[in-house]
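Peer 1: Build me a structure from this.
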Amino acid sequence: MSNRTRILLIFGVLVLASIILQYFGPEATRVEQPHVSVKAEPVFHIGGGGVGLGPGDWSGIIINNSMVMTALVVLVLLILALIVRATASIYPKGFYNFMELIVDTLYNTFGAVDRRYIARFFPMVGTIFFYVLFSNWLALLPGVLTVGYYLPEEQLEPPHTEEARVNNALAFTGTTDTPLSPADGVLAQEGGGEGEGEHEGDGQSGEESTEGEGHAAEEAHNVLVPYFRSPSADLNNTIVLALIAALYAQFWGVRELGGSYFAKFFPVSEFKNGVGAGLIGIFVGLVEIVSELARVVSYAFRLFGNVFAGEVILLVMVFLLPVLQLPFLALEVFIGFIQAFVFAILCMVFSSLATVAHSHDEAHGHEGVSDVQHGEIGGATRANPVAH
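Peer 2: Presented below is the predicted three-dimensional model:
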């Protein structure tokens, strides 16, 4: 029997075992249908008399599962940093030697983008890399997305939704003198009309409606709210990271080029070459502004989309083939590393581009310092580069 045949046979056995356990096995071996939520779910609330599980009445501070995971990621990184600091030695060995190898590799890899500014950019770029990497990898541990508490599905939304607003309008119709908005009044009248039509029947429709509501209430199922969820699967987290990376690039652009940095956005100096050149410069400036904004969107949605899609795939595969998870976990480990590396390298590239002069005169003024401390990466050359 060839290796390929053995692999296919093992794969088939695992698929068959998954189907039997999931659909024909005892209740204890079955995995319930997953609840997929784009938004991070509330884990506990602070306020209203203390700390409690769930969102409470939504009036206090809501801590969601991505926040809990973020705190865990920061704690893990802090512990690793303290261990590395405590084991630092002139003659590295063990865990310190391993971490030094990783940091040196990242330093030289990112340094290939811009050797002149790597010493300044690496603290931020390296921090982003390790934060995103551990956010993605810790989310693959057993228990993440599968251990939590149960909450009625309707309580996952705050009460000030559109549906609650309309329900409140209907509830107050005819029972209070509080005026309704025009939109609420129309909805309330439509709801009242339907109610009158129902009660005009033989009296049995009201009983059927009550029975139907009770049956629906009984069938309203609770959903699992996990305690932990990858921060990268929360769009709020990725947008904040994107804004930090974008503002960091703008900061170094202004720091290195001064006021002339804004010439690429507002190239008024191009009018000295003629009205046509000035108009083209204005158009190019608008393109530059749109490009900077598009980078934030690209940062945020690339990371969010890939990690969230990975979570959905894992949840679906746990439900369909609970025994066959290893290949998908291995794929997510690889994707988690790639996404962390791409986010960090883009931060390095855009920060480096922000320090480049954009006009011929500015480029000529900076050409004398472009190769200062352009030596090899690592060792003593890690000192901060040139001061203009």
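Peer 1: give the contact list for the closest residue to residue 156 other than its chain neighbours.
Peer 2: Closest residue to residue 156 apart from its sequence neighbours, by CB to CB, 6 or more residues apart in numbering: residue 41 at 6.3 Å. Placement of C-beta: from N, CA and C, glycine included. Residues near residue 41 by CB atoms under 8 Å, 6 or more residues apart in numbering: 64-65, 156, 225-226, 229.
Peer 1: Let me see the domain layout of the protein.
Peer 2: 87-145+234-382, 165-211 (automatic domain parsing).
Peer 1: what mean pLDDT does the longest one have?
Peer 2: Predicted confidence along domain 87-145+234-382 averages 82 (mean pLDDT).
Peer 1: separation between residue 306 and residue 124?
Peer 2: Using CB to CB, to the nearest Å, we find residue 306 at a distance of 22 Å from residue 124.
Peer 1: try residue 53
Peer 2: Applying CB to CB, the value for residue 53 to residue 124 is 37 Å.
Peer 1: same check, this time on residue 152
Peer 2: From residue 152 to residue 124 the distance is 43 Å (CB to CB).
Peer 1: Could you check which of these two has the larger neighbour count?
Peer 2: Using other CB atoms under 10 Å as the criterion, residue 152 and residue 124 rank with residue 124 on top: 19 against 11.
Peer 1: Surely the more buried one is in contact with residue 344?
Peer 2: No: with contact defined as CB atoms under 8 Å, residue 124 does not reach residue 344; the gap is 9.1 Å.
Peer 1: quick revisit: which two in the contacts of residue 41 are spaced the farthest apart?
Peer 2: Greatest spatial distance among the contacts of residue 41 (CB to CB): 156 and 229, at 13.4 Å.
Peer 1: Just after the helix or strand hosting residue 281, pick out the following helix or strand.
Peer 2: Element membership of residue 281, judged by DSSP states H and E, is helix 275-320. Following helix 275-320 in sequence order, the next helix or strand is helix 326-354 (DSSP H and E).
Peer 1: Quick one: list the elements packing against that following helix.
Peer 2: Helix 326-354 is packed against helix 94-111, helix 118-138, helix 235-257, helix 275-320, with contacts defined by 3 or more CB pairs under 8 Å, 6 or more residues apart in numbering; DSSP states H and E.
Peer 1: Can I get these in CSV including distance to residue 60?
Peer 2: Output for those, formatted as CSV (distance: least, CB to CB, whole Å):
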stretch, distance to residue 60
helix 94-111, 40
helix 118-138, 26
helix 235-257, 18
helix 275-320, 27
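Peer 1: Is it correct that residue 148 is in contact with residue 229?
Peer 2: No: Residue 148 is not in contact with residue 229 according to CB under 8 Å; the separation is 9.3 Å.
Peer 1: So for these two, which residue has more residues nearby?
Peer 2: Shown here are residue 148 and residue 229; by other CB under 10 Å, residue 229 has more neighbours (26 against 19).
Peer 1: what about the residue nearest to the more buried one when sequence neighbours are not counted, neighbour count?
Peer 2: Nearest non-adjacent residue to residue 229, counting by CB to CB, 6+ apart: residue 65, 4.1 Å away. Residue 65 has 25 neighbours, counted by other CB under 10 Å.
Peer 1: No more questions from me, cheers.
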